[in-house]
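K.L.:
Build me a model:
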Amino acid sequence: MKINPIVLDALKNNKPVVALESTIISHGMPYPKNVETALRVEQTIREHGVVPATIGIIDGEPIVGMTPEEIELFGKSKGIGKASRRDLPVVYAKKLWAATTVSSSMILANQAGIEVFVTGGIGGVHRGAEDSMDISADLQELGKTNVTVVCAGAKAILDLPRTLEYLETMGVPVLGYQTKELPAFYTRHSGLNVDYEIKDPEEAAEIIAQKRKNNLQGGILITNPIPEQYAMDDAIINDAIEKALKMADEQGVKGKEITPFLLKTVVELTGGESLESNIQLIINNAAVGAEIAKEVCKNK
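P.N.:
Numbers count the residues shown, from 1 in each chain. Sure thing, here's the model as predicted:
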């Protein structure tokens, strides 16, 4: 893999680094909002004294710490695929361009030696999975890859109770950052409890240190609620999600296309309000993830 020299220097000298995915650039938002958001998230991390490392694959080569020019190219280019764990060997062999999902970003972050990874929301068990068996590879990855993921919960388009049950089965601690309740991506409330509440970055870093020190393989999920002022009204977002799910069913959208379709449709149905919430929650996660990364370095 190619590691940006700034990222490599930080890793060699035990300076904090936060990994970021690239699916949000190629599949999560329209251009140029996708590039603006990616660069804004990186800047937020830098403002906290931490090095950002956006991960993507260019010509079959994993890049850990994409340059602004590479991010711009990702944002503009059409037809970039999404690469999960299953796709990586094919993408490498065929020398393709691909955006990394949560699962593949975790793999590459772990291979590079980065502990903390920030995203918007993880994938999970899809609604109707009892029939479709549509369950994100993110959950399996969290069960076996040693990376701490900071997010605003699982994406609200998912079956959140079943997602929590799956994470429990995989032995993944689900922690609430200053909350006892699982955040629901666009909103702060889901009515579901997390496993444990943590009060600050120091406590998060101590839990990470204990998991690693005792060879308890797998990830840690830290769920961080969207700031109150950017949270959406529960009724509005849930109505949009239900309509989007119905449209996906009617149009036969399935597999890896379902999440981008649903998120895009929800943005359209909410008049762009959900996109702004999405941006703000990622920026908030970046700030929290950066502070946790700093504390992790102190424990090494």
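K.L.:
can you map out the helices along the stretch 101-250 of the chain?
P.N.:
In the stretch 101-250 of the chain, the segments counted as helices under DSSP state H, counting those that start in this stretch are 102-112, 129-132, 137-144, 160-169, 201-213, 234-251.
K.L.:
which one of these has the most crowded surroundings?
P.N.:
helix 102-112 (a mean of 24; mean count of other Cβ atoms under 10 Å). (Each C-beta comes from the backbone N, C-alpha and C, glycine too.)
K.L.:
Report the backbone C-alpha coordinates of that one in CSV.
P.N.:
The C-alpha coordinates for helix 102-112 follow below in CSV (Å, rounded to 0.1, in the frame of the first residue of the first chain):
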residue,chain,number,x,y,z
VAL,A,102,-16.4,0.8,6.5
SER,A,103,-15.2,-2.8,6.3
SER,A,104,-12.4,-2.3,3.8
SER,A,105,-11.3,1.0,5.5
MET,A,106,-11.0,-0.9,8.7
ILE,A,107,-8.8,-3.6,7.1
LEU,A,108,-6.5,-1.0,5.5
ALA,A,109,-6.4,1.2,8.6
ASN,A,110,-5.4,-1.9,10.7
GLN,A,111,-2.7,-2.9,8.1
ALA,A,112,-1.3,0.6,8.3
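K.L.:
Quick one: mean pLDDT over it.
P.N.:
Averaged across helix 102-112, the pLDDT comes to 98.
K.L.:
now swap in stretch 33-47 and tell me
P.N.:
97.
K.L.:
Can you read off the pLDDT for the closest residue in space to residue 204 that isn't next to it in sequence?
P.N.:
Nearest-residue entry for residue 204: residue 292, 4.8 Å, with adjacent residues in sequence omitted and distances by Cβ to Cβ, 6 or more residues apart in numbering. In this model, residue 292 is scored at 98, pLDDT.
K.L.:
give me every residue that touches residue 292.
P.N.:
116, 148, 150, 201, 204, 205, 208, 222 (Cβ atoms under 8 Å, 6 or more residues apart in numbering).
K.L.:
The nearest residue to residue 236 once chain neighbours are set aside: how many residues sit nearby?
P.N.:
Distance criterion Cβ to Cβ, 6+ apart; nearest residue to residue 236, sequence neighbours excluded, is residue 270 at 6.6 Å. For residue 270, the neighbour count with other Cβ atoms under 10 Å is 21.
K.L.:
Can you give me every residue that contacts residue 270?
P.N.:
So residue 270 contacts 232, 236, 237, 240 (Cβ under 8 Å, 6+ apart).
K.L.:
Quick check, the first one in contact with residue 188.
P.N.:
It refers to residue 232. No - contact status for residue 232 versus residue 188: not in contact, 9.7 Å apart, counting by Cβ atoms under 8 Å.
K.L.:
Over to the closest residue to residue 163 other than its chain neighbours: give its phi and psi.
P.N.:
Once flanking residues are discounted, residue 163 sits nearest to residue 124: 3.3 Å by Cβ to Cβ, 6+ apart. The phi/psi pair for residue 124 (degrees, to the nearest 10) reads phi -170, psi -150.
K.L.:
where's residue 124 relative to residue 34, distance?
P.N.:
Residue 124 is 23 Å from residue 34, where distance means Cβ to Cβ, to the nearest Å.
K.L.:
what pLDDT, on average, does the lengthiest strand in the chain get?
P.N.:
Scanning the chain for the strand with the most residues, using DSSP state E, yields strand 51-58. The average pLDDT within strand 51-58 is 98.
K.L.:
Given that strand, what are its sheet partners and their directions?
P.N.:
In the sheet, strand 51-58 lines up against strand 17-20 (parallel), strand 61-64 (antiparallel), strand 98-100 (antiparallel) (DSSP bridges).
K.L.:
Which elements pack onto the following helix or strand past the first one?
P.N.:
Scanning forward in sequence from strand 17-20, with DSSP states H and E defining helices and strands, the next element found is helix 23. Using 3 or more Cβ pairs under 8 Å, 6 or more residues apart in numbering; DSSP states H and E as the contact criterion, no helix or strand is in contact with helix 23.
K.L.:
Contacts made by helix 23 with the rest, please.
P.N.:
Against helix 23 from outside (Cβ under 8 Å, 6+ apart): 82, 99, 100, 101, 102.
K.L.:
ok so, going back, out of residue 124 and residue 34, which sits in the more crowded spot?
P.N.:
Between residue 124 and residue 34, residue 124 has the larger neighbour count (other Cβ under 10 Å), namely 25 against 22.
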